[in-house]
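In: Show me the folded form of this:
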Amino acid sequence: QVRLVESGGGLVQAGGSLRLSCVVSGRALTAVNMAWFRQAPGKDREFVAGLTWRASTRYADSVKGRFTISRDNARKTVLLQMNSLKDEDTAVYSCATKDVRAVSISRDPNEYVFWGQGTQVTVSS
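Out: Below you'll find the model as predicted:
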């Protein structure tokens, strides 16, 4: 059974930084693709960043240059470093996995099988 547990959310001022963590149990990070999504109130869930089993990355245009996805294989943790945060980054952030190895990173949340419970990120101006 795959389990994903996020942490690291909180309240931060605009321009600040946060680092989110997603601890994965039940799978090795070298065996699956991983991704971060976010959902703001009244909006659809949107893709933020993804990481293939080979550690290739993909980012949404809105976060490119500000966010960095990475992983710590030994700790089975996927990280999302978020810098230069803006008001519009406020959302619940969730990590997810398709539970497969794939060359490409899907931006469609419907293709992801396992999800964490989410962690709230609030950016104040």
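In: ok, D108 to S7 distance?
Out: 25 Å (Cβ to Cβ, to the nearest Å). Every residue, glycine included, has its C-beta placed from N, CA and C.
In: Would you mind telling me which of the two has the busier surroundings?
Out: Neighbours around D108 and S7, counted as other Cβ atoms under 10 Å, are more numerous at S7. The numbers are 13 against 10.
In: give me the element the spatially most central residue of the chain is part of.
Out: A centroid search over the chain (Cα atoms, centre = their mean) returns W36, at 2.1 Å, as the residue closest to the centre. W36 belongs to strand 34-39 when assigned by DSSP states H and E.
In: Of all the residues in that strand, which ones are buried?
Out: Going by neighbour count (16 or more other Cβ atoms under 10 Å), the buried part of strand 34-39 is M34, A35, W36, F37, R38.
In: And for stretch 9-21?
Out: G9, V12, L18, L20, S21.
In: Kindly present the residues you listed as TSV, with separate columns for pLDDT and secondary structure.
Out: Below are the buried residues of stretch 9-21 laid out as TSV (pLDDT from 0 to 100; DSSP: H, G, I helix; E, B strand; the rest coil):
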residue	pLDDT	secondary structure
G9	97	coil
V12	98	strand
L18	98	strand
L20	98	strand
S21	98	strand
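In: Closest to R3 out of those residues?
Out: Nearest to R3 among the buried residues of stretch 9-21 is S21, at 13.9 Å by Cβ to Cβ.
In: Make sure K86 is actually in contact with A14.
Out: Yes. Counting by Cβ atoms under 8 Å, K86 touches A14, with 6.0 Å between them.
In: sorry, back to before: of all the buried residues of stretch 9-21, which two lie farthest apart?
Out: V12 and S21, at 15.5 Å, using Cβ to Cβ across the buried residues of stretch 9-21.
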